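Engineer: need the 3D shape of this:
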Amino acid sequence: MTIIRLSILLLIFSFNLSFSFQSYTLSGVVIDKSTGDPIEFCAIGLVGSTTGTITDKEGKFSLSGLPDHKFTLVFSHIAYENKVLKLSPKNTDQTLTIRLNPKVVDLDEVSISAKGRGKLARQRRRELGNFMKMVLGTEYNERLIQLVNEEVIDIRDLTSQSWKFSKNYDLVFVNEYLGYEIKYYDFSFIMNKTTKTFIGYPVFKELTPKEPEDLVKWKKNREEAFKGSLKHLLFSLISDRLIEEGFLVNITNFDPTSNIDSKDYERVSNALRTGPSAVNPNLKLTKVENDNYEMWVDGTIELFFTNPVDDTTEVSYILLKNETTKVSQNGNLHNPLSLMVYGHLANLGVYKMLPVNYLPDYLKSN
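Structural biologist: Predicted coordinates for the structure are as follows:
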């Protein structure tokens, strides 16, 4: 049995973001590390969200709407290397000086990755097709999403069968299905016979609608993408809305990494009602601070979700690496590396990826 592990990559954008905002603002200046000159038009993005800004001609910036706990920022400029900072308001000055290294371009790598005629071109198209299926997920419409700069990917990374991660790429996706441009910074991946996985730092930006009906379409598609997602599940667990939101959850002794048939395991607990006050011997939610919760699980979460669009039932499994993980009140994991997902959730990708500060209108008032 082939286990396709996508959870680490698909969820890493929400690293350390729970979005219980307290109007935290961060200011600073971005300069050239060698010369000390200010860097204009440097983009600063809050990883996993639509929150961002750019520096002015003096290299200065001010970014508000940040969470009051740990978060990750990406500083990027076409002429400089990316800088990724994981910050905590408790330990960070509200005025920063960011120093960027000038970018060095390897002309040899650029010339190799830009080749493409005859047999090599056909091979590249085939390998890129496999790459897109891995990154976008199994349910995408190629007419509605585009990797704008696919030419930057070296074919040697696409054809590698090793366990080593590829080089880091800055990829730009335009997703007209959900209405976002996604800049995926420091994107790296593994594609081999047993594992397909990728990691990086995505920053979202709302697309400008071409037609008035685009906004209506995007709102509908975003809500559909949210339903049945991991964030939807975690939000429903914490708010005690599993049944109302279409979920059936069990705790099992099934190991999704094994070759054992899923019929040959035992459901050791039923977790239909699992709010913070629920008494359940195998799954507990404990409020810790700032509307965040610690989730403890003894076993594997088996998840059934009835898709309201086509009335199909989707099955997934969630396995915590440790016994506990932290979750925000609105369903964002503090550390996506704390768990693995299998089944339906593992087959979702960038095509249905939403920013962590997204919540459908019908849940905002709850």
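Engineer: use CA for all of it now, contacts and neighbours both
Structural biologist: OK.
Engineer: where does the protein dip in pLDDT?
Structural biologist: 1-23, 91-92, 105-118, 194, 259-279, 365-366 (pLDDT under 70).
Engineer: and the longest helix for it?
Structural biologist: Assignment by DSSP state H gives helix 119-136 as the longest helix of the chain.
Engineer: now that one, how far from the chain's geometric center?
Structural biologist: In terms of C-alpha atoms, centre = their mean, to the nearest Å, the centre of helix 119-136 is set 22 Å apart from its chain centre.
Engineer: and the next element down the chain from that helix?
Structural biologist: Proceeding C-terminally, helix 119-136 gives way to strand 145-147 as the next helix or strand, assigned by DSSP states H and E.
Engineer: so which elements touch that following strand?
Structural biologist: In terms of contacts (3 or more C-alpha pairs under 8 Å, 6 or more residues apart in numbering; DSSP states H and E), strand 145-147 is packed against strand 169-175.
Engineer: next, the angle from the strand it packs on to helix 119-136.
Structural biologist: Orientation of strand 169-175 against helix 119-136 (axes from the mean of the first three to the mean of the last three C-alpha atoms, to 10 degrees) gives an angle of 70 degrees.
Engineer: now what about strand 169-175, what contacts it?
Structural biologist: By C-alpha atoms under 8 Å, 6 or more residues apart in numbering, the surrounding residues in contact with strand 169-175 are 144-150, 152-153, 180-188, 351.
Engineer: and the longest helix of the chain, which residues are buried?
Structural biologist: Neighbour-count burial for helix 119-136, with 16 or more other C-alpha atoms under 10 Å as criterion, is recorded at Gln123, Arg124, Leu128, Phe131, Met132, Lys133, Met134, Val135, Leu136.
Engineer: between those, which is closest to Ser236?
Structural biologist: Of all the buried residues of helix 119-136, Ser236 sits closest to Leu136, with 25.3 Å by C-alpha to C-alpha.
Engineer: OK, contacts around the closest one?
Structural biologist: Leu136 sits in contact with Leu348, Gly349, Val350, Tyr351, Lys352, where contact means C-alpha under 8 Å, 6+ apart.
Engineer: gap between it and Asn175?
Structural biologist: Between Leu136 and Asn175 the computed distance is 10 Å (C-alpha to C-alpha, to the nearest Å).
Engineer: just the helices from the stretch 151-300 of the chain, written as ranges.
Structural biologist: 155-158, 213-226, 230-238 (DSSP state H, counting those that start in this stretch).
Engineer: tell me the most buried of these?
Structural biologist: When you average the neighbours per residue for each of these (mean count of other C-alpha atoms under 10 Å), helix 230-238 leads with a mean of 23.
Engineer: and Thr195, how many residues sit next to it?
Structural biologist: The criterion is other C-alpha atoms under 10 Å. On that basis, Thr195 has 15 neighbouring residues.
Engineer: could you do Glu139 as well?
Structural biologist: Glu139 is surrounded by 12 other residues when neighbours are defined as other C-alpha under 10 Å.
Engineer: so it makes contact with Ala346?
Structural biologist: No. Here Glu139 lies out of contact with Ala346, judged by C-alpha atoms under 8 Å, at a distance of 11.7 Å.
Engineer: where do the strands sit along the stretch 1-150 of the chain?
Structural biologist: 21-32, 43-46, 52-54, 60-67, 71-77, 80-87, 95-100, 145-147 (DSSP state E, counting those that start in this stretch).
Engineer: beta partners of Pro38?
Structural biologist: In this entry, Pro38 is beta-bridged to Ile31, by DSSP bridges.
Engineer: count the residues that sit near it.
Structural biologist: Taking other C-alpha under 10 Å as the neighbour definition, Pro38 ends up with a count of 20.
Engineer: is it true that it touches Lys57?
Structural biologist: Yes. Counting by C-alpha under 8 Å, a contact exists between Pro38 and Lys57, whose distance comes to 7.4 Å.
Engineer: quickly compare the strands of the stretch 1-150 of the chain and say which is most buried.
Structural biologist: Ranked by average neighbour count under the criterion mean count of other C-alpha under 10 Å, these are headed by strand 43-46 at a mean of 23.
Engineer: neighbouring strands of that strand in the sheet, and parallel or not?
Structural biologist: On the basis of DSSP bridges, the sheet neighbours of strand 43-46 come out as strand 52-54 (antiparallel), strand 71-77 (antiparallel).
Engineer: now render the ones you listed as JSON lines, adding distance to Thr300.
Structural biologist: Rendered in JSON lines, the data for these read as follows (distance: least, C-alpha to C-alpha, whole Å):
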{"stretch": "strand 52-54", "distance to Thr300": "37"}
{"stretch": "strand 71-77", "distance to Thr300": "28"}
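Engineer: first-to-last residue distance for stretch 302-318?
Structural biologist: The separation between the terminal residues of stretch 302-318, taken as C-alpha to C-alpha, is 7 Å.
Engineer: just stretch 33-50 next, same as before
Structural biologist: With C-alpha to C-alpha as the measure, the ends of stretch 33-50 fall 28 Å from one another.
Engineer: many thanks, we can stop here.
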